[in-house]
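Student: Compute the structure for the input listed below.
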Amino acid sequence: MSTSDETGRNGTGAAGEVRNPTVWPCLFYRDAPAAIRFLTEAFGFVERARYGSGEVVEHAELVWPDGSGGVMLGSVRTGSEFAQAAGTAVVYVVTTEPDLLFARAVAAGAAVVRDLADTDYGSRDFTVRDPEGNLWSFGTYRGA
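Tutor: I've put the predicted structure just below:
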């Protein structure tokens, strides 16, 4: 297990260095192009890569604006051991501006599951559902 010292170094790079995320939640959508539009418009993810043809997305990468994390996604497809189900994921994303992000998500049509609120563990967060049923929680909690 790697631990960080007080400068932010964790043994894998210099403090403040921006690297690719090393943990990628993967989601699958019946309409992946529409999901990419929703995730970029409603939440502010940035599309970094997309492979496939027509309406089929074989692989896409969306990164959080500061580069600290991201998600991979693709189209649900028969014959793939991974890409068989849609609407089954729960993703938590750290944000420094939960109030602005909540307003943006609601304006883009995200279904509110849990309203914006302060928690007993010191976070300000909310949970919404994307058009295909995945749950997205956003908050200020960065972990213990």
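
Student: since we're on V71, how many residues are nearby?
Tutor: When neighbours are counted by other Cβ atoms under 10 Å, V71 registers 22. Using the backbone N, CA and C atoms, a C-beta is placed for each residue, glycine as well.

Student: 21 is where my numbering starts, stick with that
Tutor: Okay, residue one is now 21; in that scheme the one you just asked about reads as V91.

Student: residue contacts, T115?
Tutor: 121, 158-160 (Cβ atoms under 8 Å, 6 or more residues apart in numbering).

Student: Show me these that map onto helices.
Tutor: In this view, these that belong to helices under DSSP state H are L121.

Student: Top of the contacts of T115 by number of neighbours, please.
Tutor: In those, the most neighbours by other Cβ under 10 Å go to F158, 24 neighbours.

Student: what bridges to that one?
Tutor: In this entry, F158 is beta-bridged to V113, F146, by DSSP bridges.

Student: doesn't S143 make contact with it?
Tutor: No. Under the criterion of Cβ atoms under 8 Å, F158 makes no contact with S143, lying 9.7 Å away.

Student: ok, back up a step: okay if I get the contacts of T115 as CSV plus pLDDT and distance to A54?
Tutor: Listed next are the contacts of T115 as CSV, based on pLDDT from 0 to 100; distance: Cβ to Cβ, whole Å:
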residue, pLDDT, distance to A54
L121, 97, 20
F158, 96, 20
G159, 95, 26
T160, 95, 29
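
Student: Which two of the contacts of T115 have the greatest separation?
Tutor: L121 and T160 (10.6 Å; Cβ to Cβ).

Student: Identify each of the helices in the protein and give its residue range.
Tutor: Going by DSSP H, the chain shows helices at 52-58, 118-127.

Student: Output the below-cut-off pLDDT ranges for this protein.
Tutor: By pLDDT under 70, the low-scoring segments of the chain are 21-40, 101-104, 107.

Student: try it again with 50
Tutor: Scanning the chain for pLDDT under 50 picks out 21-35.

Student: can you map out the strands along it?
Tutor: 46-49, 66-73, 76-83, 90-95, 110-114, 131-138, 144-149, 155-159 (DSSP state E).

Student: Which of these sits closest to A125?
Tutor: The closest of those to A125 is strand 144-149. By Cβ to Cβ, the value is 5.1 Å.
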